[in-house]
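Q: Sequence first, predicted coordinates after that:
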Amino acid sequence: MTRTRIGLVLISLVSLALTACGGGDSDPLSSGDKDGKAIVIGSQEYYSNEIVAEAYAQALEAADIEVERSFKIGQREAYLPEIESGKIDLFPEYTGPLLQVWEPDTKARLSDDVYAELVTAAKAKGLNVLDQSPAADQDSYVVTRAFAEKYGLSTIDDLKKVTEPMTFGANSEAEKRPNGPKGLKDTYGVSVKFTPIEDGGGPLTVKALKDNDIQLAIIYTGDPSIKKNDLVTLEDTKGLFLASNIVPIASDNVDDKAAGIINKVSAAMSTDDLVDLNARSIDEQLPAATIAKDWLDKEGLL
Amino acid sequence: MNLFGEALRWIGDGSHWGGPGGIDTRIVQHLWVTFAAVGIAAVLAIPLGVLIGHTGRGRLVVVALAGAVRAVPTLGLLTLLGLAIGIGVEAPLLALVALAFPSLLAGAYAGIEAADPGAVDAARAVGMSEWQVVTRVEVPLGASVLIGGIRAATLQVVATATLAAYISDTGLGRYLFSGLKSRDYAQMLAGALLVAALALLLDLLMAALQRASSPTQGKVPS
């Protein structure tokens, strides 16, 4: 009992001290005094997004560009108005989902088409879209390594080569979604059976893949479990899923020099890197700043 | 109320009946899972409960254990079992057996204990063996309470058997899960209504059975 109490007191003291430090570093009231030069970087309330934002921040700081971190602003509804109004200068976004907010009727699915439309849509809002990263964080069909090697699979189209019946396991709503069994049939000509597993591509789904109870599942490309369980992501060549590459959205306050630095960061980041970064956050519980710094060091961007 | 009407229309829609995902198939699957779970749990729990009630031994331990099992969240247990034995109907079935177990056990030992001690002593005095005391005196006298345990377990299991759809293509829970995520609330409510109707129906049947087995109404030899 006493020990718990001492622990609680310690925790509150430490957090007080931390809050105090944070306040000293970036006094929220002082930002108005700066002549609008510091680049305000935002991030979603999503650990993976915060790591990318932190990488932008540190890369810019390494080039003596002043930045201000305004991280964890919640989800798109919360922060998009802030970007559109110019209160945030730089934000790591995802191409497809953002395009669907600005252009709800878009037909674009594939990465390059989505990016081209996004650039146009952003122009209309007075915003710039920097180069998109090859790193993508989107739904994807995955199979086990053994299954991929048995039939030489690397794209969804390759599933046509599979000679045994396949079962696809996912949350029950996937059964009726356009990218579910129906989409596989219509877009790729691949027939699969369906079984519900209601854990959103979590451990039960992975277990079912490994047991060969199912052969096909949908897991996020950025999910560390893909690497940990040696799963293979099948490339979606015909755009069954909406492309969702990481893309920096920038205001005019991000000048050419800064944009050049950010573009280098984007180009250096692959989906594999993203998985590694996410895994370090989940498995090692490291702060975003440490993970981003280690990665930038490794890529020689600092 | 509009949603309620939509749900009823959803149930009434002929295209939702028949075939592998039809309402009739789902109801049969749901009942099958329910009876299998209660049946397996009964085979394990009722003899144990009768033994405890008859001998009065091990009561504390078993009751405490059964109480602890009651506290286990079924979905959590289902996930653990699923991770151990994989997807399919087996893991949900085992989780439901664990859910039914405490009620059945409690019903069995409470029923046996509730038998009039005077009647038990009398049975021994006329020379009945222990086996005869159990089967001819204690079980008939306690049948009503024992069936009450089965009734409680069945009600719990039929309502919770929706979880079978969590990792298998089984039962009325399928309507709940697919309705919830695709915001097809008419389908979801329809699933819930069907489960509720099934639960009521089974409970009425069990209540009738319980009443018929009551020693004051039945034909127990006196």
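A: Sure, I can see it.
Q: How about the residues of chain B by chain A?
A: With C-beta under 8 Å from any C-beta of the partner chain as the criterion, chain B comes near chain A at residues B:79, B:82-83, B:86-88, B:165-169, B:174, B:177-178, B:181-182. The way it works is simple: take the backbone N, C-alpha and C, and place the C-beta from them, glycine included.
Q: and of the residues you listed, the nearest to residue B:154?
A: Taking C-beta to C-beta as the measure, residue B:154 lies nearest residue B:165 of the residues of chain B next to chain A, at 19.0 Å.
Q: nearest spatial neighbour of the closest one, skipping sequence neighbours?
A: residue B:173 (3.2 Å; C-beta to C-beta, 6 or more residues apart in numbering or on different chains).
Q: Wait, that neighbour touches residue B:158, no?
A: No. Taking C-beta atoms under 8 Å as the contact criterion, residue B:173 and residue B:158 are not neighbours in contact, 11.3 Å apart.
Q: Quickly list what's touching both of the two.
A: For the pair residue B:173 and residue B:158, residues contacting each of them under the criterion C-beta atoms under 8 Å, 6 or more residues apart in numbering or on different chains are B:30, B:195.
Q: and the helix or strand harbouring residue B:83, how far out from the chain's middle?
A: Here residue B:83 sits within helix B:74-85, counting by DSSP states H and E. Counting by C-alpha atoms, centre = their mean, to the nearest Å, helix B:74-85 is centred 19 Å from the centre of its parent chain.
Q: Show me what that helix packs onto, helices and strands only.
A: helix A:203-210, helix B:90-114 (3 or more C-beta pairs under 8 Å, 6 or more residues apart in numbering or on different chains; DSSP states H and E).
Q: so can I have CSV of those showing mean neighbour count, mean pLDDT and distance to residue A:232?
A: Formatted as CSV, the helices and strands packed on helix B:74-85 follow (neighbours: other C-beta atoms under 10 Å in any protein chain shown; pLDDT from 0 to 100; distance: least, C-beta to C-beta, whole Å):
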stretch, mean neighbour count, mean pLDDT, distance to residue A:232
helix A:203-210, 21, 94, 10
helix B:90-114, 23, 93, 26
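Q: nearest to residue A:140, of the ones you listed?
A: In terms of C-beta to C-beta, the element of the helices and strands packed on helix B:74-85 nearest to residue A:140 is helix A:203-210, at 13.0 Å.
Q: can I get the CA coordinates of the helix or strand following the closest one in CSV?
A: Tracing the chain past helix A:203-210, the next element assigned as helix or strand by DSSP H and E is strand A:216-220. Coordinates of each C-alpha in strand A:216-220 appear next as CSV, following Å, rounded to 0.1, in the frame of the first residue of the first chain:
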residue,chain,number,x,y,z
LEU,A,216,-5.5,-15.7,-47.4
ALA,A,217,-6.0,-12.8,-45.0
ILE,A,218,-6.0,-9.0,-45.0
ILE,A,219,-3.4,-7.3,-42.9
TYR,A,220,-2.1,-3.7,-42.9
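Q: Give the pairing partners of strand A:216-220; include direction for each.
A: Strand A:216-220 has the following strand partners under DSSP bridges: strand A:139-144 (antiparallel), strand A:167-170 (parallel).
Q: Report the inter-axis angle for that strand versus helix A:203-210.
A: Computed by axes from the mean of the first three to the mean of the last three C-alpha atoms, to 10 degrees, the angle separating strand A:216-220 from helix A:203-210 equals 140 degrees.
Q: Give me the mean pLDDT for strand A:216-220.
A: Averaging pLDDT along strand A:216-220 gives 93.
Q: Now do the nearest residue to residue A:217 once chain neighbours are set aside against residue A:128, distance only.
A: Computed as C-beta to C-beta, 6+ apart, the closest residue to residue A:217 that is not its neighbour in sequence is residue A:205, at 4.9 Å. Using C-beta to C-beta, to the nearest Å, one gets 39 Å for the distance from residue A:205 to residue A:128.
Q: okay, residue B:14: pLDDT?
A: According to the model's per-residue confidence, residue B:14 sits at a pLDDT of 89.
Q: related to what we said a few turns ago, can I get the strands paired with strand A:216-220 in TSV including distance to residue B:113 and mean neighbour count?
A: Conversion of those to TSV gives the following (distance: least, C-beta to C-beta, whole Å; neighbours: other C-beta atoms under 10 Å in any protein chain shown):
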stretch	distance to residue B:113	mean neighbour count
strand A:139-144	54	24
strand A:167-170	47	23
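Q: need those strands in a markdown table with mean pLDDT, can you?
A: Supplementary listing: these in a markdown table, determined by pLDDT from 0 to 100:
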| stretch | mean pLDDT |
| --- | --- |
| strand A:139-144 | 94 |
| strand A:167-170 | 94 |
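Q: Just put the ones you listed in a markdown table and tack on distance to residue A:72.
A: Compiled in a markdown table, the strands paired with strand A:216-220 are given as follows (distance: least, C-beta to C-beta, whole Å):
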| stretch | distance to residue A:72 |
| --- | --- |
| strand A:139-144 | 24 |
| strand A:167-170 | 29 |
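Q: residue nearest the centroid of chain B?
A: residue B:154 (2.3 Å; C-alpha atoms, centre = their mean).
Q: Run a quick check on that residue versus residue B:202, I expect a contact.
A: Yes. Taking C-beta under 8 Å as the definition, residue B:154 is a contact partner of residue B:202 at 5.5 Å.
Q: can you list residues touching both of these two?
A: By C-beta under 8 Å, 6+ apart, residue B:154 and residue B:202 have these common neighbours: residue B:34.
Q: which other residues reach the helix or strand of chain B with the lowest mean pLDDT?
A: Ranked by mean pLDDT, DSSP states H and E, the helix or strand of chain B with the weakest confidence is helix B:59-71, at a mean of 85. By C-beta under 8 Å, 6+ apart, the residues outside helix B:59-71 that reach it are B:48, B:52, B:98, B:101, B:102, B:105, B:106, B:109.
Q: separation between the fourth one and chain A?
A: As for residue B:101, its distance to chain A is 24 Å (criterion: C-beta to the nearest C-beta, to the nearest Å).
Q: so where's the chain shaky on pLDDT?
A: In the absence of a named chain, chain A is used. A:1-36 (pLDDT under 70).
Q: Hmm, no, I was thinking of chain B.
A: For chain B, the stretches flagged by pLDDT under 70 are B:1, B:215-222.
Q: If anything else comes up later, I'll come back, but that's it for now.
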